[in-house]
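S.K.: Any chance you can model this:
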Amino acid sequence: MSLAGLRGPCVVRPPGATAPCRASLARIALQRPVCRHGAPAGRALRCGVRARGAEGDSADAGTSPDPVEAPQLDSGGEKGSASVPWLPLLVLGSAGMMETGYLTAARLIGTDVSCPLTGGCADVLSSSYASVFGVPLPAFGFAAYGAVTALAAAARASEGPNERSLVRWTLFGTATALVTTSGRLMYLLATELGGELCTWCLTSAALSFGIGALTYRSFSKPELKSGAAPGLTVAAAVLAVLAVGQPSQADGGDVLTELPYDPPVVETQSTPETEALARRLNAVGARMYGAFWCPHCFQEEELFGRGAMKDFPYVECFPEGWSKGKKPAQACVDAGVKGFPTWVIPGQEPLLGAQPLEELARVVAAAEQRASDSAVEGR
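M.R.: Residues are numbered from 1 along each chain as shown. As a prediction, the model looks like this:
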């Protein structure tokens, strides 16, 4: 690589000098350039030179010149860009694999996923938008996050500039595909799916956008300009696949804007223990807030059985049916319900999600003990 294109005068440091000095044009003519990389003699370069005839200088022609440093190149082989942040990408990619792996396994096995913080995950992840050509969408996410993880590890281990450049641009395309997919799904979540709050969906989007931000920041502006056309091609291809492989509202997909009140009927048999537990929960003032369309709420009711329903402390949050934008019943709002089902037992923190009978027996016993202690203190 030639440095002849660089501009600026040479910096001269005669032997014994305490600081470099800038030579005049007349003096430069008497200097012997020692720049490497085939720079032509007499060119004004920023490099190490030794002046001939300078005061205190040695005339020994065998004195070795000062070394010259070449401009630093990044891992992609181009000046101005940054190296791949492989460790943060490795962490985000691994987290994405764990999340999408769990969602894919739950979909293939046919089990419901847990819905932390909100209760809309099961509805969103079971909708027809959660698959592409019949394959669970999280499976594609697992493959993409796996590719990011592998590329981050490859960026750490790569040595040659060609190998590093291939890793960086492959990562660029993968990150673009993830960002495009997450952007479309967030749009569908806000519009077609009634603004449901899906914790798993939001987490995956955050991971995708984080991977995209880290990847794009490692590219210089000239690189981003040259990669704009390929990136737009990748984004367009992803959107086309999703548009063809996922249903639209016109295709009769299972996107609902209104659902009349039609609670399912509990068919399981009760036991004396579950009937007694329902009465005890009712007696201490416990309440289970739910929605008729919530599968986890129905599962909880089936644990108690049909015979226990007359004493089961259930509060329906949509007694007049559900529609897009409709608020839950005031009792549910006052209780601060954020997801379904939510158990509210006096004297303790609310329990979100379906609870096993053993846990409910434990908390009702604690509530009964608190009530007994309060009665004794009041005498």
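
S.K.: quick one: the longest helix along the chain to chain centroid distance?
M.R.: Taking DSSP state H as the criterion, the chain has its longest helix at helix 161-190. Distance of helix 161-190 from the chain centroid (CA atoms, centre = their mean, to the nearest Å) equals 12 Å.

S.K.: What are the buried residues along it?
M.R.: Buried residues in helix 161-190, counted by 16 or more other CB atoms under 10 Å: 164-165, 167-186, 188-189. Quick note: C-beta positions are derived from backbone N, CA and C, even for glycine.

S.K.: which secondary structure elements does that helix contact?
M.R.: Under the contact criterion of 3 or more CB pairs under 8 Å, 6 or more residues apart in numbering; DSSP states H and E, helix 161-190 touches helix 137-157, helix 199-217, helix 221-245.

S.K.: could you dump the ones you listed to a markdown table with mean pLDDT, distance to residue 98 and mean neighbour count?
M.R.: Output for the helices and strands packed on helix 161-190, formatted as a markdown table (pLDDT from 0 to 100; distance: least, CB to CB, whole Å; neighbours: other CB atoms under 10 Å):
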| stretch | mean pLDDT | distance to residue 98 | mean neighbour count |
| --- | --- | --- | --- |
| helix 137-157 | 92 | 9 | 20 |
| helix 199-217 | 93 | 10 | 19 |
| helix 221-245 | 92 | 23 | 14 |
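
S.K.: can you redo these as CSV with distance to residue 124?
M.R.: Formatted as CSV, the helices and strands packed on helix 161-190 follow (distance: least, CB to CB, whole Å):
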stretch, distance to residue 124
helix 137-157, 11
helix 199-217, 6
helix 221-245, 15
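
S.K.: between those, which one is nearest to residue 345?
M.R.: Residue 345 sits nearest to helix 199-217 of all these, at 23.8 Å, using CB to CB.

S.K.: Kindly calculate the angle that the closest one makes with helix 161-190.
M.R.: Counting by axes from the mean of the first three to the mean of the last three CA atoms, to 10 degrees, helix 199-217 lies at 140 degrees to helix 161-190.

S.K.: State the mean pLDDT of the longest helix of the chain.
M.R.: The average pLDDT for helix 161-190 rounds to 90.

S.K.: Among the helices and strands packed on helix 161-190, which comes closest to residue 364?
M.R.: helix 199-217 (28.5 Å).

S.K.: just checking, what packs against that closest one?
M.R.: helix 86-109, helix 121-125, helix 137-157, helix 161-190.

S.K.: Can you get me a residue count around residue 292?
M.R.: 19 (other CB atoms under 10 Å).

S.K.: Just say helix, strand or coil for it.
M.R.: Counting by DSSP: H, G, I helix; E, B strand; the rest coil, the backbone at residue 292 sits in coil.

S.K.: So what does the residue lying closest to it once chain neighbours are set aside have for phi and psi?
M.R.: Leaving out its chain neighbours, the residue that sits closest to residue 292 by CB to CB, 6 or more residues apart in numbering is residue 263, at 4.0 Å. Note on residue 263: backbone dihedrals following degrees, to the nearest 10 are phi -70, psi 140.

S.K.: ok, now how distant is residue 297 from residue 315?
M.R.: Computed with CB to CB, to the nearest Å, the distance linking residue 297 and residue 315 is 10 Å.

S.K.: For the spatially most central residue of the chain, give me its contacts.
M.R.: The centroid of the chain falls nearest to residue 207 when counting by CA atoms, centre = their mean (1.0 Å). Neighbouring residues of residue 207 by CB atoms under 8 Å, 6 or more residues apart in numbering: 92, 95, 96, 99, 145.

S.K.: May I see the PyMOL selection of the buried members of those residues?
M.R.: A single PyMOL command selects the buried members of the contacts of residue 207 (16+ other CB under 10 Å):
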select buried, resi 92+95+96+99+145
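
S.K.: now, the most widely separated pair of the contacts of residue 207?
M.R.: Longest span within the contacts of residue 207, CB to CB: 92 and 99, 10.7 Å.

S.K.: I figured the residue nearest to residue 292 hits residue 318, correct?
M.R.: No: contact criterion CB atoms under 8 Å: residue 263 and residue 318 do not qualify, at 9.9 Å.

S.K.: Now do the shared contacts for the two.
M.R.: Joint contacts of residue 263 and residue 318 (CB under 8 Å, 6+ apart) are residue 292.

S.K.: Now for the residue nearest to residue 267 when sequence neighbours are not counted, how many residues are close by?
M.R.: In this structure, residue 267 finds its nearest non-sequential neighbour in residue 306, 6.5 Å apart by CB to CB, 6+ apart. Neighbours of residue 306 under the rule other CB under 10 Å: 15.

S.K.: Residue 306 contacts residue 274, doesn't it?
M.R.: No: here residue 306 does not reach residue 274: they are 10.1 Å apart, not a contact under CB under 8 Å.

S.K.: May I have the residues that are in contact with residue 204?
M.R.: Residue 204 touches 96, 99, 100, 141, 182, counting by CB under 8 Å, 6+ apart.
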